[in-house]
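# need a structure here:
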Amino acid sequence: MPDRQARPARGRTPSAGLPSSGPTAAEDRIAELEGRLARLERSSRLRDRSRDLMGRVMPPESSIHFRNAGREHLLGVRSMVDFWIRRLDAAEPAAEEPIGGRERIEID
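Numbering: from 1, shown residues only. Next comes the predicted model:
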């Protein structure tokens, strides 16, 4: 009887995150993960450099103005949402009438 764990099921591939068997597969996986970590550390340094560049291009006062403008934008959106919530709450009692209630029809 063949070993079922050694061979993936038909139509499926083994997970890329799991090493196959043996010490060399584990060592290869460790090397791959260390490479990923090095790339992540480089990208964070790149992020720091881009922030430094923006600090040289844009004065701190501009950052404060843009942050305040973003806050005002969000407050404007909040006021619109509050307005529509109040309108829905005001219209709610009319919507609470039972559906299919009695209606008086005048016949001439």
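# And the most centrally placed residue in the chain, how far from Met80?
What sits nearest the mean C-alpha location of the chain, by Cα atoms, centre = their mean, is Leu74, with 18.6 Å. According to Cβ to Cβ, to the nearest Å, Leu74 and Met80 sit 11 Å apart. Yep, even glycine has a C-beta here, placed from its N, CA and C like the rest.
# And Asp28, by the same measure?
With Cβ to Cβ as the criterion, Asp28 and Met80 are 56 Å apart.
# ditto for Arg71
Counting by Cβ to Cβ, the gap from Arg71 to Met80 is 15 Å.
# go on, Ile107?
Counting by Cβ to Cβ - Ile107 and Met80 are separated by 48 Å.
# returning to that earlier point: so Asp28 and Met80 - more neighbours on which side?
The neighbour count for Asp28 versus Met80, taken as other Cβ atoms under 10 Å, is higher for Asp28 (13 against 9).
# Mind checking what secondary structure the more buried one has?
helix (DSSP: H, G, I helix; E, B strand; the rest coil).
# Likewise for Gly55?
Following three-state DSSP, the label given to Gly55 is helix.
# What's the local residue count around it?
Neighbour count of Gly55, defined by other Cβ under 10 Å: 11.
# Kindly report the same for Glu32.
13.
# secondary structure element for it?
With secondary structure defined by DSSP states H and E, Glu32 is part of helix 23-57.
# What mean pLDDT does whichever helix or strand comes after that helix get?
With elements assigned by DSSP H and E, the helix or strand that comes after helix 23-57 is helix 60-95. The average pLDDT within helix 60-95 is 91.
# distance between helix 60-95 and the chain's centre?
22 Å (Cα atoms, centre = their mean, to the nearest Å).
# One more: stretch 41-50?
For stretch 41-50, the distance to the chain centre is 22 Å (Cα atoms, centre = their mean).
# Stretch 23-33 too?
Going by Cα atoms, centre = their mean, where stretch 23-33 is centred and where its chain is centred differ by 31 Å.
# could I have it exported to PDB, CA atoms only?
C-alpha atoms of stretch 23-33 as PDB (Å, rounded to 0.1, in the frame of the first residue of the first chain):
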ATOM      1  CA  PRO A  23      16.600  18.700   6.800                       C
ATOM      2  CA  THR A  24      17.500  20.400   3.500                       C
ATOM      3  CA  ALA A  25      13.900  21.400   2.900                       C
ATOM      4  CA  ALA A  26      13.700  22.900   6.300                       C
ATOM      5  CA  GLU A  27      17.000  24.800   5.700                       C
ATOM      6  CA  ASP A  28      15.700  26.000   2.400                       C
ATOM      7  CA  ARG A  29      12.500  27.300   4.100                       C
ATOM      8  CA  ILE A  30      14.500  29.100   6.800                       C
ATOM      9  CA  ALA A  31      16.700  30.700   4.100                       C
ATOM     10  CA  GLU A  32      13.500  31.800   2.200                       C
ATOM     11  CA  LEU A  33      12.000  33.300   5.400                       C
END
